[in-house]
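**Q** heads up, no residue letters with this:
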């Protein structure tokens, strides 16, 4: 269950009082900062045989595809279909499946891992786009393994899973509700918790020089321990907003990490900030200094669906009053940006008097005030990308690992730094290796060619 559902304080939260006045010779009301953007909501149906609900999942944008992994929600039936007929029961639990939503034609495909694949069911994990592939780290797997301190890489081209070797090197302690960000060739992990300890440690990983985690000795105004916060990259800086400590102390503060100097600072923010919250989303509007905040929770009875923008150039907050019908108030959803559009998927929301995961997809089209309208508002390009299950891989000899029908070249070349820390998930002992994340009807054999 989501931590909000376990909050015994019934929505009571320790909220820092936000000043809306200036002190001078007299008290005067502060003027609200006008929003630099306008926006319009649109709910987008997904063409899929199984639109499963999700919360506490992860999502990244790779090319024109929103890749969703794991979370707590409706389990994908083994036969790959759920008819939802009368008398059918929807079963919920922690998942390890992948959904790929094509944002050009909004067709979705659910991939259920084969039984021998070791992608753990998990919630509260984080994911990033690493050179066109999806990297997932951490999360809570269940009562047996609990908090995970390793990840895996999902190769988009081959749709192959590669698990991470965490026994021969240092790695962050297991946790959930942390953040992952990528700046240049480095990945940064911050915060999270393991039910006992709330973290405010900072870790980095250089995925082009050894794929090794290391603890970062940062300084300055370091954020306090927290989880359920967001971290957004603007240039070489990472902006952390909100989160929760314990069960009732929610934050509305902003911290900035300069990755060149590893110094934390607190921007002198102006305007009207969002209310204290956690499990919201924060994304950078492409080509702008703006960070868009949506949704989140400040307690069991305090769910939000409002929109706020933080301008990192002026350190000012403003609120967006978007047109259209917005998503219901929710938390633990995901958001990705593509052009001037933000895509919101899933999350935890009140439905019929109960907290339930959702499966809806909403699009927020953003227009900068005074800027021309983007072509993405009106044009939807028909996707021509197809997944080839049995593509001929030819006879090239380049030191790649070859799998009949499946090819994973970039991350498995002999000279790559990732080869030492990732491996194709092994079979069940029957002699088949390199099992795909797909449930294949035919037998898959692997041949390693290093000549």
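**A** Yep, it's here. Being a predicted model, the structure only gives us computed values, none of them experimental.

**Q** Residue 359 and residue 54 touch, don't they?
**A** Yes: Residue 359 lies in contact with residue 54 (CB atoms under 8 Å); the separation is 6.8 Å. All C-beta spots, glycine's among them, are computed from the backbone N, C-alpha and C.

**Q** So which of these two has more stuff around it?
**A** A count of neighbours by other CB atoms under 10 Å puts residue 54 above the other of residue 359 and residue 54, at 29 against 19.

**Q** which residues touch that one?
**A** Neighbouring residues of residue 54 by CB atoms under 8 Å, 6 or more residues apart in numbering: 68, 71-74, 95, 99, 345-347, 357-359.

**Q** Tell me which of those fall in strands.
**A** Among those, the members falling in strands (DSSP state E) are 68, 71-74, 95, 99, 345-347, 357-359.

**Q** do you know how far the closest residue to residue 265 other than its chain neighbours is from residue 364?
**A** Nearest residue to residue 265 in three dimensions, chain neighbours excluded: residue 256, at 5.0 Å (CB to CB, 6 or more residues apart in numbering). The spacing between residue 256 and residue 364, counted by CB to CB, to the nearest Å, is 25 Å.

**Q** the more surrounded of those two?
**A** residue 364 (25 against 19).

**Q** is it true that the more buried one touches residue 43?
**A** No: Residue 364 is beyond contact range of residue 43, at 10.7 Å (criterion: CB under 8 Å).

**Q** List of residues touching stretch 178-186?
**A** Contacts for stretch 178-186 (CB under 8 Å, 6+ apart): 126-130, 135, 137-138, 172, 187-192, 199, 204-209, 227, 229-233, 236, 238, 240, 259.

**Q** Kindly recompute the last result at 6 Å.
**A** Outside stretch 178-186, the residues that touch it by CB atoms under 6 Å, 6 or more residues apart in numbering are 126, 128, 138, 188-192, 204, 206, 208, 231, 233, 236, 238, 259.

**Q** Just among those residues, which is most surrounded?
**A** Tallying neighbours with other CB under 10 Å puts residue 192 at the head of the contacts of stretch 178-186, with 31 neighbours.

**Q** Quick one, grab the pLDDT at it.
**A** Residue 192 is assigned 98 on the pLDDT scale.

**Q** Check residue 397 too.
**A** Reading off the model, residue 397 has pLDDT 34.

**Q** How about residue 290?
**A** Reading off the model, residue 290 has pLDDT 97.

**Q** cool, and residue 210?
**A** pLDDT for residue 210: 80.

**Q** Now for it, how many residues are close by?
**A** Residue 210 has 14 neighbours, counted by other CB under 10 Å.

**Q** Surely it forms part of a strand?
**A** No: in this structure, residue 210 is coil, not part of a strand, as judged by DSSP: H, G, I helix; E, B strand; the rest coil.

**Q** In contact with the closest residue to residue 305 other than its chain neighbours, which residues?
**A** Distances taken as CB to CB, 6+ apart place residue 329 nearest to residue 305, at 4.2 Å, with adjacent residues excluded. By CB under 6 Å, 6+ apart, residue 329 lies in contact with 303-305.

**Q** tell me what the helix or strand hosting residue 304 is packed against?
**A** With secondary structure defined by DSSP states H and E, residue 304 is part of strand 302-311. Helices and strands touching strand 302-311, by 3 or more CB pairs under 6 Å, 6 or more residues apart in numbering; DSSP states H and E, are strand 290-299, strand 316-320.

**Q** Rebuild the ones you listed as CSV, extending it with mean neighbour count.
**A** Listed next are those as CSV, based on neighbours: other CB atoms under 10 Å:
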stretch, mean neighbour count
strand 290-299, 26
strand 316-320, 20
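
**Q** can you pull out the helices in the stretch 251-400 of the chain?
**A** Applying DSSP state H, counting those that start in this stretch to the stretch 251-400 of the chain gives no helices.

**Q** any weak-confidence spans in it?
**A** Residues of the stretch 251-400 of the chain meeting the criterion pLDDT under 70: 370-400.

**Q** and if we set it to 50?
**A** Applying pLDDT under 50 to the stretch 251-400 of the chain flags residues 372-400.

**Q** Checking the residue lying closest to residue 179 once chain neighbours are set aside next. Helix, strand or coil?
**A** Of all residues not flanking residue 179 in the chain, residue 231 sits nearest, at 3.8 Å (CB to CB, 6+ apart). Secondary structure state of residue 231, per three-state DSSP, is strand.

**Q** Could you measure from residue 231 over to residue 158?
**A** From residue 231 across to residue 158, the span is 29 Å (CB to CB).

**Q** rewinding a little: report the contact partners of the residue nearest to residue 179.
**A** Counting by CB under 6 Å, 6+ apart, residue 231 has contacts 179, 181, 190, 238, 240.

**Q** residues touching the fourth one, list them.
**A** Applying CB under 6 Å, 6+ apart, we find residue 238 in contact with 181, 231, 257.

**Q** Pick out whichever of those residues sits closest to residue 246.
**A** Residue 246 lies nearest to residue 231 out of those, by CB to CB, at 20.1 Å.

**Q** and that closest one, how far is that from residue 255?
**A** When residue 231 is compared with residue 255 (using CB to CB), they lie 9 Å apart.

**Q** what sits in contact with each of the two?
**A** Counting by CB under 6 Å, 6+ apart, the contacts common to residue 231 and residue 255 are residue 240.

**Q** wait, which of the contacts of residue 54 is closest to residue 109?
**A** residue 99 (7.2 Å).

**Q** Isn't the closest one up against residue 109?
**A** No: between residue 99 and residue 109 there is no contact under CB atoms under 6 Å: 7.2 Å.

**Q** Which one of the two is surrounded by more residues?
**A** residue 99 (28 against 17).

**Q** where's the more buried one relative to residue 135, distance?
**A** 17 Å.

**Q** And residue 288, by the same measure?
**A** With CB to CB as the criterion, residue 288 and residue 135 are 26 Å apart.

**Q** Between those two, which has more neighbouring residues?
**A** Using other CB under 10 Å as the criterion, residue 288 and residue 135 rank with residue 135 on top: 24 against 19.
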